[in-house]
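Visitor: Need a 3D model of the following:
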Amino acid sequence: MMRIYLDIDGVLVGRPDPARPETGLAPFAAELLELCLDYFKPFWLSTHSRHGEIEPVLRVFQRYEDQSVMALAAEVPSLKWNVLKTEAIDFSAPFLWIDDQLMAGELKALKKHKCLDRWLQVNTRKDPCALQRVIGLLHNASISV
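Guide: Numbers count the residues shown, from 1 in each chain. From the prediction side, this is the model:
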């Protein structure tokens with residue numbers, strides 16, 4: 001089963017209106033989580049989850065008081081990593097990584113493993129509806145897997 005590594009800030013939490021400074025749940029956040037849980041093996045790969053704990057992840061979503069997203073978020077396991085998120089990626093298994101921005105070392109690791117095309121760059125701070133396109137891509141991937 002394909003793994004999906006999920007970032008939070010800039011992906012599931014963005015700016016519903018890029019012209020305003022307020023952050024919020026990105027449109028289609030719940031739909032993305034549902035799809036990932038139904039057809040893939042999702043993992044949190046976020047600064048909020050770097051110690052492998054789910055509680056910090058849930059605190060982020062708790063701010064937005066969306067019970068459906070909270071319930072879905074609780075089903076996604078967190079991964080441990082120290083410096084680079086790529087420390088937590090299993091390069092031997094098929095995966096996609098949804099993140100708004102990678103560090104130079106993370107890009108280097110993806111290139112080393114010939115997996116740069118597995119990164120889906122999504123920034124819901126600039127493009128609030130970016131998750132809708134990701135859902136389309138993942139839907140097609142779930143059919144072919």
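Visitor: same question for stretch 2-22, mean pLDDT?
Guide: With pLDDT averaged residue by residue, stretch 2-22 scores 92.
Visitor: got any ranges where the chain has weak pLDDT?
Guide: By pLDDT under 70, the weakly predicted segments of the chain are 142-145.
Visitor: try 50
Guide: Low-confidence segments of the chain (pLDDT under 50): 145.
Visitor: need the strands for it, in chain order.
Guide: Assigned by DSSP state E, the chain shows strands spanning 3-6, 13-14, 24-25, 41-44, 95-99, 119-121.
Visitor: tell me the most buried of those strands?
Guide: Between the strands of the chain, strand 13-14 has the highest mean count of neighbours, a mean of 24, where neighbours are mean count of other Cβ atoms under 10 Å. For glycine as for every other residue, the C-beta is placed from the backbone atoms N, C-alpha and C.
Visitor: What helices and strands are in contact with that strand?
Guide: strand 24-25 (3 or more Cβ pairs under 8 Å, 6 or more residues apart in numbering; DSSP states H and E).
Visitor: list the contacts for residue 46?
Guide: Residues in contact with residue 46 (Cβ atoms under 8 Å, 6 or more residues apart in numbering) are 6, 7, 8, 9, 57, 78.
Visitor: Could you do residue 66 as well?
Guide: Applying Cβ under 8 Å, 6+ apart, the residues near residue 66 are 25, 29, 30.
Visitor: run the last query once more with 10 Å
Guide: Residues counted as contacts of residue 66 (Cβ atoms under 10 Å, 6 or more residues apart in numbering) are 24, 25, 29, 30, 72, 73.
Visitor: State which helix of this structure is the longest.
Guide: What stands out as the longest helix in the chain, according to DSSP state H, is helix 130-144.
Visitor: What helices and strands are in contact with that helix?
Guide: Judged by 3 or more Cβ pairs under 10 Å, 6 or more residues apart in numbering; DSSP states H and E, helix 130-144 is in contact with strand 3-6, helix 29-39, strand 95-99, strand 119-121.
Visitor: cutoff 8 Å now
Guide: By 3+ Cβ pairs under 8 Å, 6+ apart, helix 130-144 packs against helix 29-39, strand 95-99.
Visitor: what's the angle from it to strand 95-99?
Guide: 180 degrees (axes from the mean of the first three to the mean of the last three Cα atoms, to 10 degrees).
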